[in-house]
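Colleague: below are the sequence and a predicted model; questions follow.
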Amino acid sequence: MDIATHVFSALYQFGDAFAFLVLSACGLAVIFGMMGVINLAHGEFIMCGAYVTAATVHAGLPLPLGILAGTLVSALVGVVVELAVIRHLYDRPLDTIVATWGLSLIATQGTLIMVGSTMAGVGTPFGSFQVGDYSYSIYRIVLFCAALGVLAALYALFNWTRFGVLARATIQVPHMAAALGVDTRLIYSLTFACGAGLAGLVGGLYAPTMTLVPTMGATFIMEAFVTVVIGGADVFLGTAPAGGVLAVVKSVMTSWQGQLFGQIGLLVAVIIVVRVLPKGISGFVLRERT
């Protein structure tokens, strides 16, 4: 294998890891990073998006519409969860952990009972291409582009729209926002729905690449939390750099010793970063700015 092929292989693995980390973390970054809700059911929102995407594709819809359906259904489920459970627990973080963990168990076991231990998957679109002796999936490049697109869309939503301004104001100073006439309950519901919808989008995007089982959310949740914790409180300054740092660690360790060492590398990286930068990457950036 020549140098160019080695370089391309490394970049491809980095892009694949970056896409997985960033897409996994975006919904959690909104719900946990912005709202402060420790959502242990994040993986089940991802599973919901994947299952709805697969079901709609099997019903005859094209994959993009199936992904859109998965995103919308997850967002609607997020609204219901926020209204029924989360709304009453915003000032009780430990209770939120227990409640969302319970929801995660209910969703997993309920899906197992109603749908079964597995669901027919969706074929990976676009095929593959050859570089040197190895073939690479075109769809993985699409996922990398999707990750960049989601980051850009989130930045635009929360910085350039009225909803984004109201959401940040409500989350940072809720009493002042309410005093100025903002419907804070509606903003909380819509923001939680945004995070849940992003999780559903991830499930839909990764449905063609994974075995669809009720416990598939566990594949995402650890890496999502690691990325958000390293990124820090500011979603927009932290998620992308954290995804980049962890993608380098994961791709290098996986190439060297396999998937298990890639996971170990992520955990070691988060321990080191949290020790050196207690407020995460975004906290460091904001401190340097001031």
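Modeller: Perfect, I can see it now. Numbering: from 1, shown residues only.

Colleague: spatially nearest residue to residue 131 (excluding sequence neighbours)?
Modeller: In space, and not counting its chain neighbours, residue 131 is closest to residue 8: 5.3 Å by Cβ to Cβ, 6 or more residues apart in numbering. C-beta: built from backbone N, CA, C; applies to glycine.

Colleague: which phi and psi does that neighbour have?
Modeller: phi -60, psi -40 (degrees, to the nearest 10).

Colleague: just for the chain, where's the confidence low?
Modeller: 1, 233-234, 286, 288-290 (pLDDT under 70).

Colleague: strands of that one, start to end?
Modeller: 128-131, 134-137 (DSSP state E).

Colleague: nearest to residue 56 among these would be which one?
Modeller: Nearest to residue 56 among these is strand 134-137 (22.3 Å), distances taken as Cβ to Cβ.

Colleague: what is the burial count for residue 136?
Modeller: 17 (other Cβ atoms under 10 Å).

Colleague: same check, this time on residue 206
Modeller: By other Cβ under 10 Å, neighbour count at residue 206 equals 24.

Colleague: distance from stretch 230-246 to the middle of the chain?
Modeller: How far stretch 230-246 lies from its chain's middle: 12 Å, per Cα atoms, centre = their mean, to the nearest Å.

Colleague: from residue 104, how far out is the nearest residue in space to residue 46 that is not next to it in sequence?
Modeller: In space, and not counting its chain neighbours, residue 46 is closest to residue 203: 4.1 Å by Cβ to Cβ, 6+ apart. Distance, residue 203 to residue 104, using Cβ to Cβ, to the nearest Å: 14 Å.

Colleague: for the residue nearest to residue 159 when sequence neighbours are not counted, what are its contacts?
Modeller: Distances taken as Cβ to Cβ, 6+ apart place residue 236 nearest to residue 159, at 7.4 Å, with adjacent residues excluded. By Cβ atoms under 8 Å, 6 or more residues apart in numbering, the contact set of residue 236 is 151, 154, 155, 158, 159, 282.

Colleague: surely the second one and residue 235 touch.
Modeller: The one in question is residue 154. Yes. Between residue 154 and residue 235 there is a contact at 6.9 Å, judged by Cβ atoms under 8 Å.

Colleague: the two: who's more crowded?
Modeller: residue 235 (24 against 21).
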